[in-house]
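>>> Mind folding the following:
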Amino acid sequence: RPGVTSMHPPLTLENHPLCRDVVIALKRCHRDASWWGRSFGACNEQKWALDQCLKKQKLFKARANAEKGREERDRLRRRVEKYGHATVNGEFKGK
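All right, here's what the predicted structure looks like:
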């Protein structure tokens, strides 16, 4: 269904440090709103804010992981240039 978002991941503060305030706001809304209120959109604003924050966090992590990957490839490339080989699973590969 277009426009319908899926469930969010488990909302532990350790796993979402960039979204801490938004997670707390959503949990507080779920605590304070009645079941009927939650069912009819009382916490929608907090949920939408959480969705946006989690998207930003995902992009932040992806960029950080890409940078780590570039650094690792550069490190291995320098090793091959220096020693003429690299190791894969403990075995020498290359020249």
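
>>> So for this protein, which residue is the most central one in space?
Centroid check for the chain by C-alpha atoms, centre = their mean gives Lys58 as the closest residue, at 3.5 Å.

>>> What residues sit buried inside the host helix or strand of Arg75?
According to DSSP states H and E, Arg75 maps onto helix 44-83. Neighbour-count burial for helix 44-83, counted by 16 or more other C-beta atoms under 10 Å, picks out 46-47, 49-50, 53-54, 57. C-beta here means a position set from N, CA and C on the backbone, and glycine is covered the same way.

>>> Could you list the low-pLDDT ranges of this structure?
The chain contains residues with pLDDT under 70 at 1-7, 85-95.

>>> let's see it at 50
Along the chain, segments meeting pLDDT under 50 span 1-2.

>>> re the thing from before, by contact count, what packs against the helix holding Arg75?
helix 20-32, strand 85-88 (3 or more C-beta pairs under 8 Å, 6 or more residues apart in numbering; DSSP states H and E).

>>> mind checking which of these is nearest Ala42?
helix 20-32 (6.7 Å; C-beta to C-beta).

>>> any residues touching the closest one, and which ones?
Helix 20-32 is contacted from outside by 11, 13, 16, 38, 42-43, 46-47, 49-50, 53, using C-beta atoms under 8 Å, 6 or more residues apart in numbering.

>>> hmm, back to that, roughly how far apart are the residue nearest to the centre of the chain and Leu11?
15 Å (C-beta to C-beta, to the nearest Å).
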